[in-house]
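Trainee: Sharing a sequence plus its predicted fold:
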Amino acid sequence: MAVNELSSVRPLQPRNISFKPVWRQWSPFQALLIGSAGLVTALILLVPAYLLLRTVTGWENAAKTLLRLQTWQVLGNTVMLAVSVTAATAVLATPLAWLTACTNLPGRRLWSVLVALPLVIPSYVAAYLYASLLTPKGLLQQWLQPLTGVERLPEFYGFPGAFLVLTIISYPFTYLTVRAAFQRMDPALTEAARSLGVSPRRAFFRVTLPYLRPSILAGSLLVSLYVLRDFGAVTMLQYSTFTRIIYNRYTGYRLDAAAALALVLVALTAVILVFEHKSRGRAQYTRTATGAARRQRPVQLGKWTAPALAFVGSVVFVTLIVPAGGLIYWFWRGWQQDFGVKAIGGVQSNTAALAGLLEPAWHSFSASFLGAALAMTLALPIAILAVRRPGRLSQFFEKVTYASFALPGIVVALAFVFFGINYAASFYQTLPMLLFAYVILFIPQAVGAERASLMQVSSHLEEAGRSLGQRPSTVFRRITLPLVRPGIIAGGALVFLTAMKELPATLILSPLGASFLSAQIWTNINEAFFARAAAPTLLLILLSSIPLAWMTLREKK
């Protein structure tokens, strides 16, 4: 009987079931996030779209440019400079990070700050300071001639100067990432190797160095991208790389050639990004044992204390004290000459000349602050989707964002000039256009900082808030945002520091009638008015040092 009853039961038939499109299943908050991320992605993709459009429409000029021997020579120059600087910074930064993070180096906390400070010096500022000192007839030769009879120093312009300057100002990228890895490293790793009879030297190369590999690669990636994107140092030191040649083509109104060269530069940067991704490998670098990692005890330097101090002191002297001394010297020369500024009734006073810097300082500060705030705001939806809503769409948004690393400032500026003139004339050379250029250039830093902060906030806290009947937007505003606010502020400080130093985008897209510190410095040093460039340079460095000082003091608390 029961069998007959069961056999007579008809399976349930689905009725009135309709499958909604994916976009209709999104909550209003998720739809807002995806829409905002899509707008940012479209903004970023405008730049490669411009390059392709310009290259295709002017394919004859573009083909002639790409087939010239000079183009391949410039490619060789660019690759040689990037590889040389990246290798030199890795060799320089790794021992500095170890000495300031893992040893009993006297005053290591002070040294750790001083070693990182060259990060605030713009490349074009360092270039003119070292050029004024180390050129064949520079200040150093003038000081040495009465004592040693030296009549001429070796040539500084070209590859030697560009290599020295870019190495000096970019090694902190690798130093900071490697030092952070040293501070996170579990001392049990090296202790296990030592317990097996491995010498300290072999333990470093077989255990410590492989552990540092991701950090060294990450810092080296930042250095190589910085070198490829640099415009000020290579132009000031007359070394032909893609950024310098692109700017020369732009100023000569050869836009098809500039776009073709920019496309090659973007492709070269993309190759470096792919190579870095492949070189990571599949090795695991996380701690798998239970329990918490111990803080490692400082390594006792003993008889190596004096050589270690000499090494760190020499680096600080060359990278920080020398440019600071050169800047003070040129500022004093400018003060004696009233900064070379003439007024209608005679020489303008120093006070009036310095007061004249307040307006460009305000323009630089406000534009960098607004650019940082806009970048952090637009990066937040992408970071939220990447961490809380992982999937193909969010992964696409994140990859496009990081791909903007391959867009140098001059390439972004050229794209905005094209679209501004042809499709948005009312926004051309206005502050909003400059701010959106800053967003494209610096949004990878913003997404990285916010993504790291969100990953440290447990999703269970948000689930608990939603279980109480709160909307996702309310949960984010009242729970998530207060927890990630410190990371957002720190990321914004980094974006602000970088925007203050940005030169090509500011030169080309600055609003009409507005003067910026970076533009003033570039104009003066391009005309060899080093004394006149000292005052805005000093002010720019002081303003740029604010976020770095804040982050350093915050870390010590």
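Mentor: The structure has been received and is ready for your questions. Since the structure is predicted, the reported quantities are computational estimates derived from the model, not experimental observations. Residues are numbered from 1 along each chain as shown.

Trainee: Which stretches in the protein count as strands?
Mentor: 342-343, 346-347 (DSSP state E).

Trainee: and the last one, average pLDDT?
Mentor: Spelled out, it's strand 346-347. Computed over strand 346-347, the mean pLDDT rounds to 42.

Trainee: Also the first one?
Mentor: Along strand 342-343, the predicted confidence averages to a pLDDT of 44.

Trainee: Ok, stretch 494-512 next?
Mentor: Mean predicted confidence for stretch 494-512 is 86.

Trainee: if you skip the residues just before and after it, what's nearest to P486?
Mentor: Closest residue to P486 apart from its sequence neighbours, by Cβ to Cβ, 6 or more residues apart in numbering: S453 at 7.3 Å. Yep, even glycine has a C-beta here, placed from its N, CA and C like the rest.

Trainee: before we move on, what about Y50?
Mentor: The spatially closest residue to Y50, leaving aside those adjacent along the chain, is A415, at 4.0 Å (Cβ to Cβ, 6+ apart).

Trainee: how about low-confidence regions in this protein?
Mentor: Within the chain, the ranges that satisfy pLDDT under 70 run 1-27, 29, 184-211, 276-296, 337-355, 406, 456-484, 548-557.

Trainee: ok now the helix ranked longest in it, how far from the chain's centre?
Mentor: Longest helix of the chain, by residue count under DSSP state H: helix 69-102. Put simply, helix 69-102 sits 15 Å off its chain's centre (Cα atoms, centre = their mean, to the nearest Å).

Trainee: One more: stretch 414-430?
Mentor: Using Cα atoms, centre = their mean, the mean C-alpha position of stretch 414-430 is found 25 Å from that of the whole chain.

Trainee: show me what contacts G158?
Mentor: L237, Q238, Y239 (Cβ atoms under 8 Å, 6 or more residues apart in numbering).

Trainee: Please pick the buried ones from those.
Mentor: Among the contacts of G158, those classed as buried by 16 or more other Cβ atoms under 10 Å are L237, Y239.

Trainee: now the contacts of G158 in CSV, with distance to I272?
Mentor: Compiled in CSV, the contacts of G158 are given as follows (distance: Cβ to Cβ, whole Å):
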residue, distance to I272
L237, 22
Q238, 25
Y239, 19
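
Trainee: If we only consider the contacts of G158, which is nearest to A37?
Mentor: A37 lies nearest to Y239 out of these, by Cβ to Cβ, at 38.7 Å.

Trainee: S112 reaches T100, doesn't it?
Mentor: Yes. With contact defined as Cβ atoms under 8 Å, S112 and T100 form a contacting pair (4.1 Å).

Trainee: More neighbours: the two, which one.
Mentor: Per other Cβ atoms under 10 Å, whichever of S112 and T100 has more neighbours is T100, with 25 against 21.

Trainee: Would you mind measuring from that one to V316?
Mentor: The gap separating T100 from V316 is 11 Å, by Cβ to Cβ, to the nearest Å.

Trainee: likewise Y226?
Mentor: 21 Å.

Trainee: where along the stretch 201-350 of the chain do the helices fall?
Mentor: Secondary structure of the stretch 201-350 of the chain (DSSP state H, counting those that start in this stretch): helices at 209-229, 232-236, 242-251, 255-279, 305-316, 322-336, 350-355.

Trainee: Equivalent analysis for the stretch 401-550 of the chain, please.
Mentor: Going by DSSP H, counting those that start in this stretch, the stretch 401-550 of the chain shows helices at 409-423, 431-455, 459-467, 472-475, 481-501, 504-509, 517-526, 530-556.

Trainee: Please tell me how far T55 sits from L273.
Mentor: 21 Å.

Trainee: Those two: which is more packed in?
Mentor: Per other Cβ under 10 Å, whichever of T55 and L273 has more neighbours is T55, with 22 against 16.

Trainee: tell me the contacts of that one?
Mentor: Counting by Cβ under 8 Å, 6+ apart, T55 has contacts A62, D256, A259, A260, L263.

Trainee: quick one: which of those has the most company?
Mentor: A259 (29 neighbours).

Trainee: Once you drop chain neighbours, what's closest to it?
Mentor: Closest to A259 by Cβ to Cβ, 6+ apart is R54, at 3.6 Å.

Trainee: what about that neighbour, neighbour count?
Mentor: Residues near R54, counting by other Cβ under 10 Å: 23.

Trainee: Please apply the same query to V417.
Mentor: 18.

Trainee: out of the helices of the stretch 401-550 of the chain, nearest to T41?
Mentor: helix 431-455 (10.2 Å).

Trainee: Just the buried positions in that closest one, please.
Mentor: 431, 433-451, 453-454.

Trainee: L509 and F365, how far apart?
Mentor: When L509 is compared with F365 (using Cβ to Cβ), they lie 17 Å apart.

Trainee: and the two? which has more neighbours close in?
Mentor: L509 (25 against 20).

Trainee: Quick one: residues contacting the nearest residue to that one once chain neighbours are set aside.
Mentor: Sequence neighbours aside, L434 is the residue nearest to L509 in space, at 4.7 Å (criterion: Cβ to Cβ, 6+ apart). By Cβ under 8 Å, 6+ apart, the residues touching L434 are A367, G371, A505, T506, L509, S510, P511.

Trainee: Please repeat the previous calculation with a cut-off of 10 Å.
Mentor: Neighbour list for L434: 363, 367, 370-371, 413, 416, 499, 502, 505-506, 508-511, 514, 516 [criterion: Cβ atoms under 10 Å, 6 or more residues apart in numbering].

Trainee: of those, closest to I34?
Mentor: Among the contacts of L434, and counting by Cβ to Cβ, the member closest to I34 is G371, at 24.0 Å.

Trainee: Minimum distance to I321: which of the helices of the stretch 401-550 of the chain has it?
Mentor: helix 530-556 (13.9 Å).

Trainee: List the contacts of T243.
Mentor: 74, 78, 227-235, 261-262, 265, 408-411, 504.

Trainee: Please state the backbone phi and psi of the closest residue to it other than its chain neighbours?
Mentor: Counting by Cβ to Cβ, 6+ apart, T243 lies nearest to F231, which is 4.4 Å off, once chain neighbours are set aside. With angles defined as degrees, to the nearest 10, F231 sits at phi -120, psi -40.

Trainee: cool, the one 10 residues further on as well?
Mentor: Per-residue torsions, T241: phi -120, psi 180 (degrees, to the nearest 10).

Trainee: Tell me how many other residues crowd it.
Mentor: 25.

Trainee: Can you tell me how far L67 is from T430?
Mentor: L67 is 38 Å from T430, by Cβ to Cβ.

Trainee: tell me how far stretch 164-176 is from the chain's mean position?
Mentor: 12 Å.

Trainee: make that stretch 130-141, sorry
Mentor: 29 Å.

Trainee: Next, count neighbours for P298.
Mentor: 12.

Trainee: which residues does it contact?
Mentor: Going by Cβ under 10 Å, 6+ apart, the list of residues near P298 reads A101, C102, T103, N104, L105, R108.

Trainee: do the same with T506
Mentor: For T506, the contact set (Cβ under 10 Å, 6+ apart) comprises 363-364, 367-368, 409, 413, 434, 437-438, 499-500, 514, 516-519, 522.

Trainee: next one: P95
Mentor: Per Cβ under 10 Å, 6+ apart, neighbours of P95: Y175, V178, A308, F311, V312, V315.

Trainee: can you put those residues in TSV and add distance to V47 and neighbour count?
Mentor: Formatted as TSV, those follow (distance: Cβ to Cβ, whole Å; neighbours: other Cβ atoms under 10 Å):
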residue	distance to V47	neighbour count
Y175	31	27
V178	32	25
A308	46	21
F311	42	16
V312	41	22
V315	37	21
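
Trainee: possible to save those as JSON lines with distance to L385?
Mentor: Below are these laid out as JSON lines (distance: Cβ to Cβ, whole Å):
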{"residue": "Y175", "distance to L385": "32"}
{"residue": "V178", "distance to L385": "31"}
{"residue": "A308", "distance to L385": "46"}
{"residue": "F311", "distance to L385": "45"}
{"residue": "V312", "distance to L385": "43"}
{"residue": "V315", "distance to L385": "42"}
